[in-house]
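> Whatever this is, show me its structure:
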Amino acid sequence: MRNASVLILTDETEFARLLTACWQTERQAPGITVLSSELWKDHEASPHDLVVVGPVQEGKLPGILRSLEPAAAVILCVPADSRELGQLRSRYPRLVHIPLREDWAQTLLLVAGESLRRAEAQRLSRQSERRAAKNEQQATLGRYMIDMKHSVNNALTSMLGNAELLLLEPGQLSSQSLAQIKTIHSMALRINEIMQRFSSLASEMREAETTSQAETEAEPASPATRR
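Predicted structure coming up:
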């Protein structure tokens, strides 16, 4: 929760002061931004992990809620009847209503903690999905390079062979052409070295994978399994 961000929207200074003070006593307090309904502008709003809407001026609440993303995590701390709550929850599936009773602050902190942990889990999940997609792209590129290795080696062999044949008769070439052929020969050798290193890495990775799989299969069964 240390990297989480919370927005408190309220026109009651005491509500924001009490909630902020309670949060700051927690071992891991999120970053907190407090705005009044007058300062709130949806087009300037940066995304937050959680939005806490407290008491606001009469008539301001509908506009504030309309400006929020439907997927936003919202905790509503204002008086509301069951019909209003039903309509709000249909638009904001992650909305939670906490009545302004005597213990509202502690209840809100508990609910907010769960909401922020869920937001963190979703963020980590998205990061893992992006890493997995990137790894899959790299694996596809690696498989393509392995598949094309034979064709690349054939092309390099042809380039090196023809360059070496031309270099055997330097008198038939101008100094500029000779220098260019030497460059082609040198770069072809360099590419060949890279391909050889790639083949070596591919072999090492296959051996490591085979060894890891063999060690996993050779692990002794647990006492419960042996019974």
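
> average model confidence for the lengthiest helix in the chain?
When the chain is parsed with DSSP state H, its longest helix is helix 104-167. Helix 104-167 shows an average pLDDT of 82 in the prediction.

> shaky segments in the chain?
Applying pLDDT under 70 to the chain flags the ranges 1-2, 41-46, 81, 208-209, 212-227.

> switch to 90 and redo it
1-7, 18-33, 35-50, 54-182, 184-227 (pLDDT under 90).

> could you pull out the strands for it?
Along the chain, the segments classed as strands by DSSP state E run 5-9, 31-35, 50-53, 74-76, 95-97.

> and these, which is most packed in?
strand 50-53 (a mean of 25; mean count of other CB atoms under 10 Å). All C-beta atoms are positioned from the backbone trio N, CA, C, and that covers glycine.

> and it, what does it pack onto?
strand 5-9, helix 61-67, strand 74-76, helix 104-167 (3 or more CB pairs under 8 Å, 6 or more residues apart in numbering; DSSP states H and E).

> what pairs with that strand, and is each one parallel or antiparallel?
strand 5-9 (parallel), strand 74-76 (parallel) (DSSP bridges).

> With just CA atoms, put that strand into CSV.
The C-alpha trace of strand 50-53 is given here as CSV (Å, rounded to 0.1, in the frame of the first residue of the first chain):
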residue,chain,number,x,y,z
LEU,A,50,-9.1,4.4,-4.6
VAL,A,51,-11.5,7.4,-4.5
VAL,A,52,-13.2,8.2,-1.2
VAL,A,53,-16.2,10.5,-1.6
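
> ok, and what's touching it?
By CB atoms under 8 Å, 6 or more residues apart in numbering, the surrounding residues in contact with strand 50-53 are 4-10, 19, 30, 61, 64-65, 68, 72-78, 108, 112, 115-116, 119.

> now stretch 131-147
Stretch 131-147 is contacted from outside by 198, 202, using CB under 8 Å, 6+ apart.

> list the buried ones in that stretch?
For stretch 131-147, burial by neighbour count (16 or more other CB atoms under 10 Å) applies to no residue.

> Over to stretch 48-68?
Quick answer for stretch 48-68 (16+ other CB under 10 Å): 48-56, 60-61, 64-65, 68.
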